[in-house]
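Peer 1: Predicted coordinates and the sequence they were generated for:
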Amino acid sequence: MKLVTGLAQVVQNPAILTDYKRLGLLYNQASIDSRFRESADVLFEIFRDRLTTLFGPQHGVGLTEQDNMKETDHACHRRLGLPVYSLYSSTRRPTVEMLDNVDAVLVDLQDVGTRVYTFCATVCLLMDACAELGKTVIILDRPNPVNGVDVEGNVLKPEFASFVGPYPLPMRHGMTVGELMNYYNERFAIRSDIKVVKMDGWDRRAYFDETGLAWALPSPNMPTVETAVVYPGQVLLEGANLSEGRGTTRPFEIFGAPFINPEKILKDLEDEAVKGAELRIVEFKPNFNKWANQRCLGFQIHVIDRSLYKPFRASLAILAAIIKNNTEFRWSDPPYEYVFDKLPIDVIIGDDSVRNSLENNRSVFEIEENYRPALENFLEVRRDFLLY
């Protein structure tokens, strides 16, 4: 069966939105239809003056900002003439004025299935603001690109809540935006009037490149589906003095640093932890970000069996081997995504015990056992929110 996104459902049946006179839209340029048109243009063609306001997440509607904490200015849409409010600017929560001219805000964002990806945090803040003002949030659902079955990682602890993890959730959650927003809304009492326009024909087991949809990069350093596959683990490298491949053509797949000895790392790597992938030794020179214009040694991750590969586990094992073999290794200093009082790695992981275990040379499998009870509890709760 051909997959029909939430956006396509609205195109086929505009009456879905009959109850809402004035519409807003949170999207970016990866929010496309089967003809590669951005959802703002598609919806404007149908609803005309009813579409009044546009919103953009981190990196901007046009994906012009590369890095974390690089804010985007408000703008005017160059074709439609509508205001575009950045929700990654001086505020990440929409103001009363931004929402003044809407009755409902549509959300059409391609998430990547990893907790730290900030798009869903933006939707949470939108829901919270709309709940206070009595406005509706309507999710036009899209696939989880790394499938909706596999779940992995520790569950974030509430004291580590941030913009890369507003509520308890494992790193790889296996949910769509619609499912996740229903989970957040009910479990953490946001009390938003939320509606999900479901997809038709999505197989939870499918990766994005098995859906028949075209991949458009949802952020500057998420160029391919392969990037999304490794991202739930490789994003941890943002919390260390390692290049996570920003400034190369294969971010998150390529990683390393000038001080790395790849052969020693391979020798000490827990092979079972990286099952399903091969690490190929590479040299590279990032054009920007960490170690810019410096020769780095490291690896490219080649995932050869997605059914075996566990990205969070694999990247923990990689970090453990690097820590063991390099006295120059350091965790990055704050801030990270507007958190100034915690180590970035702890903010990313949502817990400090995982870092402590890595520093004490604990096995990755021992680390997993420590957080398994919380993960199993999440899996039980999660069942009630699955729509597909």
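Peer 2: Happy to help now that I have it. Residues are numbered from 1 along each chain as shown.
Peer 1: Now do stretch 102-117: distance from first to last residue.
Peer 2: 26 Å (Cα to Cα, to the nearest Å).
Peer 1: for stretch 143-158, that is, sorry about that
Peer 2: Distance across stretch 143-158, first residue to last, is 27 Å (Cα to Cα).
Peer 1: Please apply the same query to stretch 169-188.
Peer 2: Note: stretch 169-188 ends 12 Å apart using Cα to Cα.
Peer 1: Now do that stretch, average pLDDT.
Peer 2: Over the span of stretch 169-188, the pLDDT mean works out to 98.
Peer 1: For Ser219, which phi and psi angles does the backbone take?
Peer 2: Backbone torsions for Ser219, taken as degrees, to the nearest 10, come to phi -150, psi 160.
Peer 1: got it, and Pro251?
Peer 2: For Pro251, the backbone dihedrals are phi -60, psi 140 (criterion: degrees, to the nearest 10).
Peer 1: My read is that it contacts Asn221, right?
Peer 2: Yes - in terms of Cβ atoms under 8 Å, Pro251 counts as a neighbour of Asn221; the distance is 4.0 Å. C-beta: built from backbone N, CA, C; applies to glycine.
Peer 1: how close does the closest residue to Arg362 other than its chain neighbours get to Asp73?
Peer 2: For Arg362, ignoring the flanking residues on the chain, the nearest one in space by Cβ to Cβ, 6 or more residues apart in numbering is Ala320 at 8.0 Å. Look at Ala320 and Asp73: by Cβ to Cβ, to the nearest Å, they are 41 Å apart.
Peer 1: Tell me which of these two has more neighbours.
Peer 2: For Ala320 and Asp73, the more surrounded residue by other Cβ atoms under 10 Å is Ala320, and the numbers stand at 23 against 12.
Peer 1: which residues touch the helix or strand hosting that one?
Peer 2: Secondary structure from DSSP states H and E places Ala320 in helix 311-325. The set of residues that contact helix 311-325 without belonging to it, under Cβ atoms under 8 Å, 6 or more residues apart in numbering, is 152-153, 171-172, 229-234, 236-237, 240, 242, 255, 260-261, 264-266, 268-270, 273-274, 277, 279, 299, 301, 329, 354, 358-359, 361-362, 364, 367-368.
Peer 1: residue ranges of the strands in the stretch 101-250 of the chain, please?
Peer 2: Taking DSSP state E, counting those that start in this stretch as the test, the strands found in the stretch 101-250 of the chain are 104-108, 136-140, 152-155, 170-172, 193-197.
Peer 1: winner for burial among those strands?
Peer 2: Of the strands of the stretch 101-250 of the chain, the one with the most neighbours on average (mean count of other Cβ atoms under 10 Å) is strand 104-108, at a mean of 27.
Peer 1: That strand - what's its average pLDDT?
Peer 2: Mean pLDDT, strand 104-108: 98.
Peer 1: Can you list the strands that it pairs with?
Peer 2: Each strand that strand 104-108 pairs with, and the sense of that pairing, follows from DSSP bridges: strand 23-27 (parallel), strand 136-140 (parallel).
Peer 1: Buried residues in the helix or strand following the first one, which are they?
Peer 2: In other words, strand 23-27. Downstream of strand 23-27, the first helix or strand assigned by DSSP H and E is helix 39-47. By neighbour count on 16 or more other Cβ atoms under 10 Å, the buried set for helix 39-47 is Ser39, Ala40, Val42, Leu43, Phe44, Phe47.
Peer 1: so which of the residues you listed comes closest to Ala121?
Peer 2: When these are ranked by distance to Ala121 (Cβ to Cβ), Ser39 comes first, at 20.3 Å.
Peer 1: any idea how far the closest one lies from Gln234?
Peer 2: Relative to Gln234, and taking Cβ to Cβ, Ser39 is found at 29 Å.
Peer 1: ok, which stretches of this protein are helices?
Peer 2: Taking DSSP state H as the test, the helices found in the chain are 6-12, 39-47, 119-133, 177-187, 225-234, 262-268, 311-325, 344-349, 353-359, 364-382.
Peer 1: circling back: from the buried residues of helix 39-47, which single one is nearest Lys2?
Peer 2: Val42 (17.6 Å).
Peer 1: what's the neighbour count on the closest residue to the closest one other than its chain neighbours?
Peer 2: Beyond its immediate neighbours in the sequence, the residue positioned closest to Val42 (Cβ to Cβ, 6+ apart) is Asp33, lying 5.3 Å away. Around Asp33 sit 18 other residues, with neighbours defined as other Cβ under 10 Å.
Peer 1: Just list the residues touching Asp33, thanks.
Peer 2: Contacts of Asp33 were listed using Cβ under 8 Å, 6+ apart, and they are Thr5, Leu7, Ala8, Val11, Ser39, Val42.
Peer 1: where's it relative to Tyr27, distance?
Peer 2: When distance is defined by Cβ to Cβ, Asp33 is 12 Å away from Tyr27.
Peer 1: Alright, I will stop here.
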